[in-house]
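Visitor: Need the 3D shape of this:
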Amino acid sequence: MSAQQKLLKRQRDLKKKISASLDVLMGSVVKSPTQSGFYLTDKVDGKTVTRYLRKSIRREAQEMTKNHRRVRVLLRQISAVNFELLRRKAE
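Guide: Below is the predicted model:
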């Protein structure tokens, strides 16, 4: 298998992983030290916004925030692969 084919396979694999992880929620799920319950915090227009999470959806929200972090890493990886493919194309 040539280097070009390996890069294309890596690109396909990353696309599949990204597609499988697109159920995302930006922010962090945190427990308030002064209050009971969990909250979702996120930056919106440069300001931190905090929203209450019901106990019934906390675990799902945590998984969605993990997906967001996972997708960010995968996007960085696919960007590097795409750049290498472009570089090889220009040669």
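Visitor: quick one, longest helix in the protein?
Guide: Secondary structure of the chain read by DSSP state H shows that its longest helix is helix 58-90.
Visitor: gap between that helix and the chain center?
Guide: Distance of helix 58-90 from its chain centroid, counting by CA atoms, centre = their mean, to the nearest Å, is 7 Å.
Visitor: for the record, mean pLDDT for that helix?
Guide: Mean pLDDT, computed over helix 58-90, is 95.
Visitor: list the helices and strands that helix packs on?
Guide: In terms of contact count using 3 or more CB pairs under 8 Å, 6 or more residues apart in numbering; DSSP states H and E, helix 58-90 is assigned the packing partners helix 3-20, strand 28-31, strand 38-44. (C-beta placed from N, C-alpha, C; glycine too.)
Visitor: switch the cut-off to 10 Å
Guide: Under the contact definition 3 or more CB pairs under 10 Å, 6 or more residues apart in numbering; DSSP states H and E, helix 58-90 sits against helix 3-20, strand 28-31, strand 38-44, strand 47-53.
Visitor: quick one, which of these is nearest to residue 67?
Guide: helix 3-20 (9.1 Å; CB to CB).
Visitor: would CSV of the helices and strands packed on helix 58-90 with mean neighbour count, mean pLDDT and distance to residue 60 be doable?
Guide: Written out in CSV, the entries for the helices and strands packed on helix 58-90 read as follows (neighbours: other CB atoms under 10 Å; pLDDT from 0 to 100; distance: least, CB to CB, whole Å):
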stretch, mean neighbour count, mean pLDDT, distance to residue 60
helix 3-20, 13, 95, 16
strand 28-31, 14, 92, 10
strand 38-44, 15, 94, 11
strand 47-53, 11, 93, 9
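Visitor: Can I get the ones you listed in JSON lines including distance to residue 66?
Guide: Output for the helices and strands packed on helix 58-90, formatted as JSON lines (distance: least, CB to CB, whole Å):
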{"stretch": "helix 3-20", "distance to residue 66": "13"}
{"stretch": "strand 28-31", "distance to residue 66": "9"}
{"stretch": "strand 38-44", "distance to residue 66": "13"}
{"stretch": "strand 47-53", "distance to residue 66": "15"}
